[in-house]
Each structure stands twice: as C-alpha cells, then as structure tokens.
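Novice: okay, structure incoming, though there's no sequence with it:
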C-alpha cells in the first residue's frame, strides 16, 4: 500500500500580481508524470487546493484536468480535504458523484467519524474548520484550535481499530512548525498551533498548511509542503510530494520526492551595476527575482531596466540600512551615536567620510535637537 | 419511454434586486415531487440552469441538491445543455464523473455529433453557442444563428438513424416565438431566430430560451418555458414542465404540467387609495406586485407604504399618459392637439378642465413655440 501525500497546491496564487497558474500547470504535469511511475494505491491532498474561495474558471479547469487524469484515467483513489483557503461549498461541489470513482472530497466535520478504508488502513479526514464551527459541532466551549483538535481526537479514539493502521489527514499548524509569508493565519486571536501529543493514537498524520516539507521532525507526522515556492521566505525550499508506505512489519517508511519547477524564486543582494552587468550567481535569468540592491539612488526606472534583462523580476528593494554594517542588527544600530549613523549613510552615498566642518555642523545640530544647549 | 422536458431555471435570478432563490428552491421541490409521481425514463434540461456565469455558492447548492435527488437518489438519467446565461466551463465542471451515473452535461459543439441513446431514442444535444464559436467549429463563414443551426443539422443528418426516434435538444429562438423581458438576446447585430424548416429530420425538438411554454405551435417542437415567471411581461403565464412520450405507433404525445409557485407576479392598475384600502383583485397579498397607480401625486414614500401591506411589492409606476385615454396608443396620442394633451394632464391632477384664461394663455405659448406669430 503506497500513499502519495501532497497539499497546498494554492491554485490561482498570485505574488506581486504575478499569476502562478502556468507554473502550477507545469508542476502538476510533472506530478502526474511522477505518479505514473509511482503507481500509488492512494493520493491524499491535505487542503488548500485553491488559493481563494472564488477560483476563476481557468484555475478550476487545471484542478479538474489533473484530478481527472489521476482518478478517471489512472483509476487512483484520491482523498481531498479543504484547507483554510478553500471554500468548503465550492470544493465539495459534485462530491456525491465523485465518490463513485473513489474521489473523496471531504469538507464536513462529521466526515471525521466516517473513515475511508483501504486494505487494512483507515483514513480519518479532519478538514480545516474554524474554532466557532468546532464549537457548534462539538456543542461545547472551544477556546483554541489545539483544544478543538484534542476534543475531536478524544471523540474518535474509541472507534479506532488498532488492528489497522490509522491515518489522520488534517490542515493545521503543529507546534514548532516554522511559518512562511504565504500561509494565512488559521485563526485570529487564539493560539492556533497544536501540540503533537493530542494526535496520539494515529500511526501516521498527514498534514497541510505549512509550506515547508521539512517543517517538523517526527517519525509519523508530516507536512508534504506546497507544490511551489509561494513567497520569498520559501526560497531554497525543496518542493515536491511524499510517499508513505508501511512495510511487512508494519513499519512506516516515508520519502520526500522533489519536483523541478519551471522557474524558481531567488533573492539576490548586490550592487545595481553588477546585476545589470550579469555579475551575480543565479539559477536562471528567468527566475522570479527579488532584488535587494545597493547604489541605485540615481537610476531612473530601475524595475523597468531589470525586467528587460530578468523578465520575471517580481520585487525590488533598495538596500540602505544594511550598508552601515551588514553584521549589525537593528538593535545594535540603535545603540550607535547619531553622528556615526549619519557618517555611514554619507559614506554609502559618496564613498567618503564627513569633513571636519560637516561634522562640527552636525554636532551642533544634534545637540540643538537634544536640547542640551 | 417518458421524457420530462424542462429548461430556463435561471437559478440566482433577481428582479428589481429581489432574489428568487427561495422561490426557486420551492418550485424545484414541487418539480422533484412531481417527478416522483411521473417516474420518467429521462429528464432533459434545455439550458439556462443559472441566470449568471458566476452563480454564488447558495445558488450552485440548489442545483446540486435537486440534481442529486433526481439523478443519484431516484436514478433518473439527466441530459443538460448550457444556455446563453450559463458559463460552459462552470456548468460542465465534473461532467466526466457525472456521466457514470447518466448525468450528461453537454456544453461543446462536438457533443452534437455524439448522440446519447435511450431504448430506440437518440438525443442530439446542441448547446448554446455564439455565431463566432460556430464559425470556428464549422471552419466556414456563418452569418446568423439560423445559418449555424442549418449547417449543424445538415452535418448531422447523414448519421441520423431513421429506425429510431431522433430528438434535438437546443437553446435558441424559433421564428415567431414571442419574447419576454427576461430573455437576454442571443446575438448582437445578427438575426437570431431560426426557421423550423431547418430542423427537419428530427422527430422532436425540445428547446430552451423562450420562457413561454406555449410560445410556438408545432406538433413536434416545444419550449418547456421557464420554471417561474421572471418578468412582469410573463404575468399570467403558466409555468411547469412538459412530458414527451411516443406511443406504440410511434406517435408523439406531449402534455404540459403546471406547477404552482409560492408567490406569483401580478401587475395591478388602479387608484392609490383603492390599493391602500385593499379594494382590488389579487391572488395574494404576498404576490410580487408591479403597481401602476393613479392619483398618488401627493403621497410621500408610496413604495414604503405599499410594502407595509404588500411586502413583495417589486415595482411602482405612476400612471400619467394612460390617463389621457387608456384606449389610446402612443401613436394616437401624438396626433392629438397639444392643448388637449395639456388639458388631460391638468384634469388628471386637479380633476378640473383648464379655465378660459388658462387656455388662451397656453394657446399663445404654443403658437409662440411653433413660430407662427
């Protein structure tokens, strides 16, 4: 029994108004090709199929096309839960018909208590929910996401068949998982991360939400990570899918499989002139660049010029503060004397130190400002 | 073999910002109940499922719920084509899975050449298309909707099996069908109505688009009409569905079955005072009223007052011109002398005729305007 674990497709995602739709089509084609080789018994997609509750028709068409290939053409059973970005109603449209070909789209809390059975493995689906939805469903006060998960697991525990392998599929934050810029908070005002102790009783937990495939380090709890880098905080993160198998002794074996995107995200720091002249390390001229550049004060329309050379440039930040001393933190800079900060700034622009006359003038201005006259 | 013919559900339709969603849920429940009794072999929905290409999730949920009852619970095959209001892409989402339970959603022109067979009956689906889509598909110049339909029928004719009954399902305007205010034009700038001669070769043609179930009078061509009255030009129109059967001699037998809506549309003409005092004929105080009222010049906020008594009032028009002589047409009124028109207007407001002095003054003003001084 081989299970493919994927999540966080975020179809329709945009970054700085760039649409990733073609990148998503590309990476999912790679995924489908990989699945042809893998010949899995089951695919699990742990939420955030779409980036928005209102995906447009081209976005929906990509999902439909990919799932059609996997489920109808390759006859692979698929289990999908909604994430916090998906509309439960829109995602589950047609689910009653999809069940017939073992495409299970689970969006209700009651579905958690109706596991899907596969040859000695029981899959328990806990779709993304809000704390208030949990309160209504559980008919009791729920203070946090963690508490909700705790209650759900307590409720389902008596029905777990320990002669089987029991797998939990969820979409939430596990304690200690580092977050990136592209994951939207699950809750507002409550602690949303869940302690792994509350997931006891399951042989394996397959999660969505966190985009880093190695965000946590447990023997049996995994994030698949997103299918693409979706923010510059995910630069250098491998993206792909995970295979989960139980060997003859019932031991869990897992492996992460990287997929190669069409273009990657890259953050590049340097001097404007060096970048324009191509004097910097990069994976491709077509990467999605975030340039953080020095010495570009006198360049007009730098973004336009950069895009002529690097068409997929998505962001440009002039680097100023770090010029004082790239080793210094903001806290350390605050402890510097004002004159030293001004001198560093002056040097950055002119490559010279302040003259004696300038220093004297600045000192008197600073003292005047401090009211020590 | 009993076929149910319905069309023009227009789910999500609004009239004067009133949503018909609850009325649609009600009438479709009536429809489903009727189907339980009818026990048909097939249901055909000839387009305009939705009123908009972007139905909201509650609207989509009603469609899903009703079709689920009919197709999955009652196991009735259903054939659906898109109308001019539907998004082909959104309507056909999931169609590859739906086919498995004989729910056929047809939105492509190529589907016309892949008839669906039912016990000696072949159903040819011609979904709504634009003239330019027809040009691309047919790879030839197409000047009108009629010409497109003509070409399609010519193309399909050689494959018609005359030992079977051949049924065409379409969504277009047949020549001579009277239109209502709630049907959007199919084409801009070209003649959109189709002459019935171009439909020769089919034993039966089941159409959507025109909301009147008796819009045309043929032995074998029918509009089912819409499921509800969707504009005040449809007042007093029966709404429901049609049954189509072929008897043992192959004779077509059809019957229209009326469904009773929760509330009907009514147009009421009268004096404001009479309406406020309830002195007028009506089906229900809860009807969707369009009031055309006289003698309400001095009433403040008449709409608010009317809604207190008739909460579903949707429109209010002060009647002015018709006061001159309700038997006169606009053309006839134009032939009246200006003084007579002004006098009628004055009488409507004051219930008196113009005085001699007023008439003299007006005559001189009118002559001055005409430049006959």
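Specialist: Structure's in. What do you need? Bear in mind that the values here come from a model prediction, so they are computed numbers and not experimental data.

Novice: now residue A:301: how far from residue A:119?
Specialist: 61 Å (C-beta to C-beta, to the nearest Å). C-beta here means a position set from N, CA and C on the backbone, and glycine is covered the same way.

Novice: with residue A:361 instead?
Specialist: Counting by C-beta to C-beta, the gap from residue A:361 to residue A:119 is 82 Å.

Novice: more neighbours: these two, which one.
Specialist: More crowded of residue A:361 and residue A:119, by other C-beta atoms under 10 Å in any protein chain shown: residue A:361, with 12 against 9.

Novice: pull out the buried positions in the helix or strand containing the more buried one.
Specialist: Assessed by DSSP states H and E, residue A:361 sits inside helix A:356-370. In terms of neighbour count (16 or more other C-beta atoms under 10 Å in any protein chain shown), helix A:356-370 has its buried residues at residue A:362.

Novice: likewise stretch A:170-182?
Specialist: Neighbour-count burial for stretch A:170-182 [16+ other C-beta under 10 Å]: A:170, A:171, A:172, A:173, A:174, A:177, A:180, A:182.

Novice: which one of those residues is nearest to chain B?
Specialist: Chain B lies nearest to residue A:171 out of those, by C-beta to the nearest C-beta, at 19.6 Å.

Novice: just list the residues touching residue A:205, thanks.
Specialist: Residues counted as contacts of residue A:205 (C-beta atoms under 8 Å, 6 or more residues apart in numbering or on different chains) are A:167, A:168, A:169, A:170, A:199, A:220, A:221, A:222.

Novice: got a winner among those residues for most neighbours?
Specialist: residue A:170 (29 neighbours).

Novice: can you pull the residues of the stretch 101-250 of chain A lying near chain B?
Specialist: Neighbours of chain B within the stretch 101-250 of chain A, by C-beta under 8 Å from any C-beta of the partner chain: A:101, A:103.

Novice: the residue of the stretch 101-250 of chain A found nearest chain B: what's it in contact with?
Specialist: Of all residues in the stretch 101-250 of chain A, residue A:101 sits closest to chain B, at 6.0 Å by C-beta to the nearest C-beta. Taking C-beta under 8 Å, 6+ apart, we find residue A:101 in contact with A:71, A:72, A:75, B:97, B:100.

Novice: and the next helix or strand past the helix or strand bottoming out on mean pLDDT in chain A?
Specialist: Taking mean pLDDT, DSSP states H and E as the measure, the helix or strand of chain A with the lowest value is helix A:330-334, at a mean of 67. Counting by DSSP H and E, the next helix or strand C-terminal to helix A:330-334 is helix A:338-350.

Novice: how far away from the center of its chain is that following helix?
Specialist: In terms of C-alpha atoms, centre = their mean, to the nearest Å, the centre of helix A:338-350 is set 39 Å apart from its chain centre.

Novice: show me which positions of that helix end up buried.
Specialist: A:342, A:343, A:344, A:346, A:348.

Novice: would you mind measuring from the nearest residue to the first one once chain neighbours are set aside to residue A:368?
Specialist: In this case it means residue A:342. Counting by C-beta to C-beta, 6 or more residues apart in numbering or on different chains, residue A:342 lies nearest to residue A:362, which is 6.1 Å off, once chain neighbours are set aside. The gap separating residue A:362 from residue A:368 is 10 Å, by C-beta to C-beta.

Novice: that concludes my questions; thank you for your assistance.
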